[in-house]
Every structure is written in C-alpha cells, then in structure tokens.
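Undergrad: I would like the atomic coordinates for the input below:
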Amino acid sequence: MNHSRLERLREEMRARGIDIYVVPSSDFHASEYVGEYFRAREFLTGFTGSAGTAVVTREKAGLWTDGRYFIQAAAQLAGSGFDLYRSGEEGVPKVTDFLKEELPAGGTLGFDGRVVSGDLAEQFRKIAEDRGGSLYVTEDLVDPIWTDRPAIACTPVWILAEEYSGESAVSKLSRIREKMAEENADYHIVASLCDIAWILNLRAGDIAHVPVFLSFLFISEDRATLFVQPDALGDEAAAYLRDCGVEMDSYRNVYGAAAQLQEHAAVLLNRQSVNYRLISALPESVRIIDREDPSEQMKAIKNETELRNTRQAHLKDGVAMTKFMYWLKTNVGKIPMDEYTVGCYLDRLRAGQEHFLDLSFADICAYGPNAAMMHYAADENHRAQIRPEGMLLVDSGGHYLEGTTDITRTFILGPVTPEMKLHFTTVVRCNLALANLRFLYGCGGISMDVVCREPLWELGLDYKCGTGHGVGHILNVHEGPNGFRYKVVPERRDGGLLEAGMITTDEPGVYMEGKYGIRIENELICVEDEKNESGRFMRFEPITYCPIDLDGIEPELMSEKEKNRLNAYHAMVWEKISPYLTEEERTWLEVYTKEIV
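TA: The predicted structure is shown next:
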C-alpha cells in the first residue's frame, strides 16, 4: 500500500518537473509532535515514529531517523519502497549531503514551504543554487494523494489560571518586550506553539498529549496580535485576550500580515521554528534578527509557583505509579496481562488523581525484546503477552493542572539472567551518578552526560539517544534549551547552560536488540547549592517518587556511596508516598524501599 503511495507521489513530482521532494515530520510550527493532519511523512512511508524525514527522487526513496527508532523503522519500512538511513551512524549521509549528491544539474528540489523551517530551507536553497537549480515550495504534494486526510485540529482554548502559571501574560509580554528592546527589534514573530501557549497562559488540545493550539503571535512595542482559528476561541478566552492587550486575527491571515509589516523594520524571530513561507512573505527590506525566542529560556526556568505545583503533580503521579508497581508485581502470572491492557490500567490510576488533564505522551509499555525499541508502542492489535519472567519497561507521564510528569521504570517480573542484573544495576548507577552530581555554575548537559554514561562505557555499552531533556509545564514533555547529551546535535537544541529552576530528565538505559531494554528515568530540578571562593555550586533535587525495582539490583556491583544514594532515594520515596497507600500497599512498599547493604 505504501509503495503505491510512493509511486503516486512520483507522478505528482513528474507533472511539476520536480526531481527530489522532501517530506519532514513537521507542521507549520516546527513542532516535535504534530496533529493527525500533518502526518504526511507517516502516511507516505508507514513509519509512525515522531522524528524522521522522507526524501523521494525519481528512482530512490529514503527515510532518515535517529537511534531511538532504528529497530522500529526497519520493521515498518518493509515493503514501502523506502530505504532506512540511520542518522548519525558511520557512513550514513545526512539528508543535505544526499540532496547534494542526488540533485541533477539544473534540477528542481521541492518541499512544502510551510512545514520546513527557515534555517533548513536556506540550506536546501543553497544546495539548489549550487547545482544551478531551483526550489518548488508552493504545494504540499502529499495532499492530492491523501484522499481521506483528517481535518486540521481546532480544539477549545482554555485559560491556565495564575495560581498555576505563577505569572500573568501581561508580565510575560512585558519581559519579552524588554528583550526586544535589547535587540533593537521592532517586531517579534513567535511560531512555536509551546511558547505562544506559555506566554499567554492558554492551553488547548490541537496535538495529542501536547496541550497547545495552532497559532502565530506577532509582538511589537505597543501591540500583540494572535493569529488563531476563530472557532478555537470562546467568549471567555477572547475577553481574556482583550484584557491582556492582545488582538485577534484569523490563523490563515498570518502570511498576509507578515507581508504588511513596516518596511525596513527589524524583526526578531527564530529561523528554527518560523517556517520558510512565513519568512519569505516578509518585505525584502526587513532586517531579520535570528535568535532563540526570548520565551524559550523564560519558560525553561520555572518560577516558584510552577516548581511548587510541579512537586505536587509528581506526588500524585508517584502515588499512581507506586500503586501500579504494587499491582503489577503482585499479580503477574496470576491474571492475564498484556502490554496494552497493563498500560490502560496505569492510565486509569493516573486519571483517578485530582486535577488530572491528560497523559503527557502515549505510554511506552514494552515487554521483553520490545523494550529494545526505545519508543515502542503497543495497541489493541499489537500487544505482547506478559509472563512472570524477564522485564517490563514502562515509560509514561501525565499532565495535571499543577504540572507535567515523565517517568520510566523497568520492572523485574520473574527470573532474569546475570547479564540482565548487571545491566539493570549499571543503569541505576548511571542514574544516581547524575542525580547526585554537584557542579559549578556554567556547566551544560554535555559535560554532565559523561558522568552519567561512564559506568556503561566501562562495559563497552552505550545508548543512541540523549540522557535527558527539559520538561514543559503543561506543554510538550520535551523542552529546550536544557538537556543531557555528550555531543552536540544541533537539531535537538538542548545544549543550554543549566540554570536554577530548570527541570531535566535523567534517563540512562541499555537496549539489547532482540533481547530486552532497560531504562530508569527520574526528573531533576536544578537548584542553588553554595557559593564559596571556588565559585557558585549547583546540584539537583529529584522530584520523581517511585521505587526503583530492587529485584533487579545486584548490591555487590555497587560501591558504598552508590548504595547510600539508592537508600537515600528510597527513604524519600517512602516518606512521600506511604501516607497515600493502603495498609497492604505500605507493607509491600517497605520491602521495595528497604536499605541495601
């Protein structure tokens, strides 16, 4: 079926004289996750992962994706006509290198200018120019062949009260205008959906599990205009925006509005999130100031209200996760279980918590070999039976009015091999090393990630992804500019300095293809430690409260310091979670948070 879609796309290409066509995984806002309407790359290739780029020539077709998805993509691309290009692997060309090689002299390179960011499109333009060719960017060529394409999402916008956001939209706009003045910018164009939602303290549901709404925001010294689908705004949200000094216009009018900006104006925008068509619509005389959106750093540094609320969200989430762990460990082998129904049980536990809004992403509930696929997803039609042996990896999280959570636990369900215990214990050692790191201000995730990976590197092992990502506040569960990654990956945008108030995940793992996967993930708040003659020291506060399965721990593989760290973490879990459990659950939790020696 997918192979026929590929051939139909080539027919559209031939009709327009296009030699190569690029289909990214994006929407009009460079979002990591996208609504159903924007899943053109998935429709074309059959690959369902969140990250990937499809490139189609007259004879070749390729799908580029990262290490999280190598196993999954290899399986899903079978029979599609697309070859898998494993991004970052030795000998694998980048998309841009492939285009340089394959675009014929005088050829035409095509893509939908609305779903390619300005910076990437500029690279494409340079490639075409160097080959004496041209760009074709005015059409989405997947649209004519996607006859049952879903409609663009338009969900009701709602207001996040200041008791949860901790700062008014008026205050946030004022702070952004201060940054604009520092850059001598007349206008600021915001295309990132998470940034717009954060600035205005508004949320919706246009992307599954990412509570945002399709929109653009133009800010000047004395005006702010939100380009949004009119049907998304009820009377309350519209009145709220007017009270905040924000005007409203139709989402579809944004390109015309860009063309009407003042001649010779200075426009602050981020070419990594503003799409090529929108940038191209600006008057030629406009001076573009290409910077990260000021709001990116602002929203990454959580205020005291957000931090207090987020701790409360994690307490609720920890209760749900601990109850799930108790149920799983005491019932496996006694009642029928599979990946899908077990995940649904956990979802119900979360949904039972006060102020629960939604899952923060679709559960990853992976048993045995399936856990070697980092972003595996079971469903009603594809679900492995769970038996009282081996390991189950569960990566999940929730949005609450108080904040967003993301946690991974790997559970021991029965007999495991010595190799599994070695790898499980080593992953825990990695997690604890990062969580207990004390560091001088000025460090970024690159330097810290080496500390986390060292125990695995000693075994000659590694994992093909970052160790951690920033977490949004009732927004995308993945957020920059903070992260833990030992090397620079420009498109991930997670190499920023760690600041007090940033929340970052700590999630090392081991993934043995065809055998098993292990991941342990906690969230950490960066906090001030002390300032002395050596400098300003920082540390982390763990805010994920759920036992790490002691059945996977081999104590003799741990140093005394590492044992003490695990014992201290479990003492905190007991203190936080035990008051919310039944007597039977507390008795069980005592065993799973006991000190190891």
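Undergrad: near L202, how many other residues are there?
TA: 27 (other Cβ atoms under 10 Å). Just so you know, the C-beta spots here come from the backbone N, C-alpha and C atoms, and that holds for glycine as well.
Undergrad: with adjacent residues omitted, what lies nearest to it?
TA: Using Cβ to Cβ, 6 or more residues apart in numbering and skipping residues adjacent in sequence, the residue nearest L202 is V157, 5.2 Å away.
Undergrad: give me the number of residues near the one you found?
TA: V157: 28 neighbours (other Cβ under 10 Å).
Undergrad: give the contact list for it.
TA: V157 is in contact with 202-204, 213, 228, 232-234, 237, counting by Cβ atoms under 8 Å, 6 or more residues apart in numbering.
Undergrad: and E122, by the same measure?
TA: 271, 276.
Undergrad: one more time with 10 Å, if that's ok
TA: 116, 271, 276, 279 (Cβ atoms under 10 Å, 6 or more residues apart in numbering).
Undergrad: what sits closest to the first one if chain neighbours are left out?
TA: Read it as V116. Y276 (5.2 Å).
Undergrad: next, count neighbours for Y240.
TA: 19.
Undergrad: what of Y345?
TA: Y345 has 16 nearby residues by other Cβ under 10 Å.
Undergrad: swap in N201?
TA: So N201, with other Cβ under 10 Å, has 23 neighbours.
Undergrad: kindly report the same for H382.
TA: 11.
Undergrad: is it in contact with N370, as I believe?
TA: Yes. If you go by Cβ atoms under 10 Å, H382 and N370 touch, sitting 9.4 Å apart.
Undergrad: quick check: neighbours shared by the two?
TA: Joint contacts of H382 and N370 (Cβ under 10 Å, 6+ apart) are 339, 376.
Undergrad: which SS class is D347?
TA: Secondary structure assignment for D347 (DSSP: H, G, I helix; E, B strand; the rest coil): helix.
Undergrad: tell me the spacing between it and L217.
TA: 33 Å (Cβ to Cβ, to the nearest Å).
Undergrad: same deal with I176?
TA: 10 Å.
Undergrad: what do those two both touch?
TA: 188, 190, 195, 199, 224, 293, 295.
Undergrad: among these, which two are most distant?
TA: Spatially, the most separated pair among the shared contacts of I176 and L217 is A224 and D293, at 14.0 Å (Cβ to Cβ).
Undergrad: who's more crowded, these two?
TA: Taking neighbours as other Cβ under 10 Å, A224 and D293 compare with D293 leading, 27 against 22.
Undergrad: pull out the buried positions in stretch 88-98.
TA: 95, 98 (16 or more other Cβ atoms under 10 Å).
Undergrad: now that stretch: how far from the chain's centre is it?
TA: 23 Å (Cα atoms, centre = their mean, to the nearest Å).
Undergrad: mind jotting down where the helices sit in the stretch 201-350 of the chain?
TA: 235-243, 254-259, 276-281, 294-300, 304-331, 339-351 (DSSP state H, counting those that start in this stretch).
Undergrad: roughly how far does the spatially closest residue to M337 that is not a sequence neighbour sit from K323?
TA: Ranked by Cβ to Cβ, 6+ apart and with sequence neighbours excluded, the top spatial neighbour of M337 is I386, at 4.0 Å. From I386 across to K323, the span is 18 Å (Cβ to Cβ).
Undergrad: equivalent analysis for E183, please.
TA: 50 Å.
Undergrad: count the neighbours of the closest residue to S168 other than its chain neighbours for me.
TA: Leaving aside its sequence neighbours, S168 sits nearest to E162 (Cβ to Cβ, 6+ apart; 5.8 Å). Using other Cβ under 10 Å, the number of residues around E162 comes to 13.
Undergrad: repeat that for the one 5 residues further on.
TA: As a burial measure, the neighbour count of E167 was computed by other Cβ under 10 Å and equals 16.
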